[in-house]
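after the sequence you'll find the predicted model.
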Amino acid sequence: MYKQEKSYKKEFSCEYLAQNKFFKIFGLLLFAFIATICILTEPVAGLGITTIAFAPVIAGLKADGTPKTSEEMISERLKMYETEISRLGVELSKFDKNNPEVETQIKSLNERIEKFNTHVDAIKEISKELKALKETQKVVNTPKFKAIFRKSLEARLKEIKEGKSEIRDLINEKGEFLTGEKAVATMSDSGSLTGNVIIPDIDTELTDVFKRRFVFADAVMKRPTSSPTIWWMEKTAAEGTAAMTAEGASKSQISWKYEQKSTTTKKITAYIKITTEMLEDVDGIMADIDSELMYQIGLLEETQILTGNGSGQNINGITVYAQPLDLASLAGSVPGANEFDSLQAAITQIFVNTEGGAIPTHIFMNPADVFKLRFTLKTNTEEDYIFPPYLMPNGFTVEGITITKTNSITAGNLLVGDMLRYNLRNLGTTRLAMGLDGQDFTNNCVTILAEKRLAGYVKANHAEAFVYESFTDAKAFLNQAS
């Protein structure tokens with residue numbers, strides 16, 4: 001208890017010294033202000049008063065040398081000004097008020113006295129405020145007030161720690177109070193940029209969807225035609241054969257017929273409508289339109305070459321002429337026939353049925369079936385891959401013919417053939433044209449058209465150059481009965 005009281009006394013003494021110093025400075029400033037007014041209003045009297053009072057005010061000391069309080073210093077100044085005002089009043093009463101010159105001096109003195117009264121009132125107000133401040137200081141410095149304040153502060157700190165106070169938002173992760181100043185932000189793309197500040201790098205190449213690679217149009221025999229009707233002649237109904245003949249004996253007679261065959265061209269078309277604004281605003285749009293129209297024409301041409309049925313506006317495709325696997329000498333000849341056996345059987349049939357005149361150039365299969373071919377290369381016991389003579393480093397080949405993968409062939413089917421025996425006749429080239437159709441003019445539109453005229457056929461005598469079959473039927477035909 002003794003140590004605590006001693007601490008309070010020491011604290012009060014420090015505060016007192018600090019405040020005493022403050023009041024000294026304040027008193028000096030106040031005195032200088034009042035002295036200036038006195039000298040300006042009454043030079044002789046004012047100078048005398050300030051000279052007498054100057055030393056003790058600067059020193060802030062009483063007659064016995066002890067420091068004066070601010071209240072004592074202000075009270076002395078107040079009494080001094082009141083005494084001076086009384087003296088000026090006495091002097092004023094001595095003047096002859098009937099003298100005009102004296103009347104002017106009296107008026108001047110009254111004005112000065114009024115100014116002194118104003119300063120006296122101000123000093124009194126300051127004195128009251130200082131007394132109130134002193135009383136507040138006495139209350140704050142009491143042990144009871146300090147105890148209450150300490151208890152309130154501890155409760156507030158507890159709320160902050162438990163996150164129940166808004167002040168919690170002013171404390172950082174380290175437990176330090178944040179200052180009122182906003183921290184300088186780190187500049188970043190997301191936080192510091194607005195609008196299109198960063199100039200993008202534009203890839204001008206248009207990214208199209210994946211498109212089918214055409215294989216049939218590149219493999220067949222292509223020739224132009226100048227007529228929508230194509231005729232050709234074929235030998236039919238051959239009779240007789242050559243024979244070895246003795247001298248003087250009748251010769252061996254043979255004969256045949258010529259039969260005219262024909263087909264007509266059909267047309268593939270596609271068009272697009274587009275506004276003139278889009279044509280003007282989008283760079284490269286015309287080139288892309290032309291490319292897409294040409295692709296669509298080519299895609300349908302690819303399909304027609306393979307599966308066109310010749311009816312209506314369809315051309316005759318390869319499958320109209322291709323033969324099934326039916327060579328009698330191969331039936332039931334292969335134990336455990338597989339996909340490779342089926343392909344070799346198709347090649348053999350073409351060679352046999354065309355007397356070797358047709359030489360297969362292509363084998364077409366679905367990509368999924370090509371993948372499954374690898375399973376036929378495993379042994380039944382060790383599950384090891386074998387290396388047959390028709391498996392080459394650059395892909396599968398059968399009898400020297402490379403297998404071509406295409407989605408145009410339905411999975412589970414095979415096509416083997418001498419593709420030069422299929423005739424594709426083009427009447428002119430693919431035509432691209434732009435024009436107005438219907439209300440295109442009033443709608444600010446244009447129509448862009450692509451079209452191609454073509455005919456496709458296999459001569460009847462060359463039909464045996466193609467085999468189109470399913471692997472299921474081919475293996476069933478070749479399998480040797482158990």
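Thanks, I have the structure now. Residues are numbered from 1 along each chain as shown.

how is the protein carved up into domains?
2-141, 216-238+256-478 (automatic domain parsing).

by mean pLDDT, show me the worst of those domains.
When the domains of the chain are ranked by mean pLDDT, domain 2-141 comes last with a mean of 60.

so how many other residues sit close to the residue lying closest to residue 407 once chain neighbours are set aside?
Leaving aside its chain neighbours, residue 407 sits nearest to residue 212 (6.3 Å; criterion: C-beta to C-beta, 6 or more residues apart in numbering). Yep, even glycine has a C-beta here, placed from its N, CA and C like the rest. Residues near residue 212, counting by other C-beta atoms under 10 Å, number 13.

who's in contact with residue 212?
Residues near residue 212 by C-beta atoms under 8 Å, 6 or more residues apart in numbering: 299, 302, 406, 407, 408.

buried stuff in the helix or strand harbouring the first one?
Element membership for residue 299 (DSSP states H and E) is helix 285-307. Residues 289-290, 292-293, 295-299, 301-307 are the ones in helix 285-307 that count as buried (16 or more other C-beta atoms under 10 Å).

just flag the most distant two among those residues.
289 and 307 (27.9 Å; C-beta to C-beta).

any chance you could map the helices in the stretch 201-350 of the chain?
216-219, 276-281, 285-307, 318-321, 339-353 (DSSP state H, counting those that start in this stretch).

closest one to residue 226 among these?
That would be helix 285-307 among these, by C-beta to C-beta, at 19.4 Å.

what is the closest one packed up against?
If contacts are counted by 3 or more C-beta pairs under 8 Å, 6 or more residues apart in numbering; DSSP states H and E, helix 285-307 sits against helix 216-219, strand 266-275, helix 276-281, helix 318-321, strand 423-435, strand 445-457.

so what's the closest residue to residue 257 other than its chain neighbours up against?
Among residues not flanking residue 257 along the chain, residue 237 sits closest, at 4.4 Å (C-beta to C-beta, 6+ apart). Contacts of residue 237 were listed using C-beta under 8 Å, 6+ apart, and they are 255, 256, 257.

which non-adjacent residue is nearest the first one?
Same thing as residue 255. Excluding its sequence neighbours, the residue lying closest to residue 255 (C-beta to C-beta, 6+ apart) is residue 239, at 4.9 Å.

gap between the one you found and residue 188?
Per C-beta to C-beta, to the nearest Å, residue 239 is found 94 Å from residue 188.

same check, this time on residue 270
The value you get for residue 270 to residue 188, if C-beta to C-beta is used, is 50 Å.

could you check how many residues crowd around residue 372?
By other C-beta under 10 Å, neighbour count at residue 372 equals 16.

pretty sure it is touching residue 340, no?
No: contact criterion C-beta atoms under 8 Å: residue 372 and residue 340 do not qualify, at 11.1 Å.

still on that earlier bit, make JSON lines out of the contacts of residue 237 and add distance to residue 183 and neighbour count.
Output for these, formatted as JSON lines (distance: C-beta to C-beta, whole Å; neighbours: other C-beta atoms under 10 Å):
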{"residue": "255", "distance to residue 183": "109", "neighbour count": "8"}
{"residue": "256", "distance to residue 183": "103", "neighbour count": "11"}
{"residue": "257", "distance to residue 183": "103", "neighbour count": "10"}
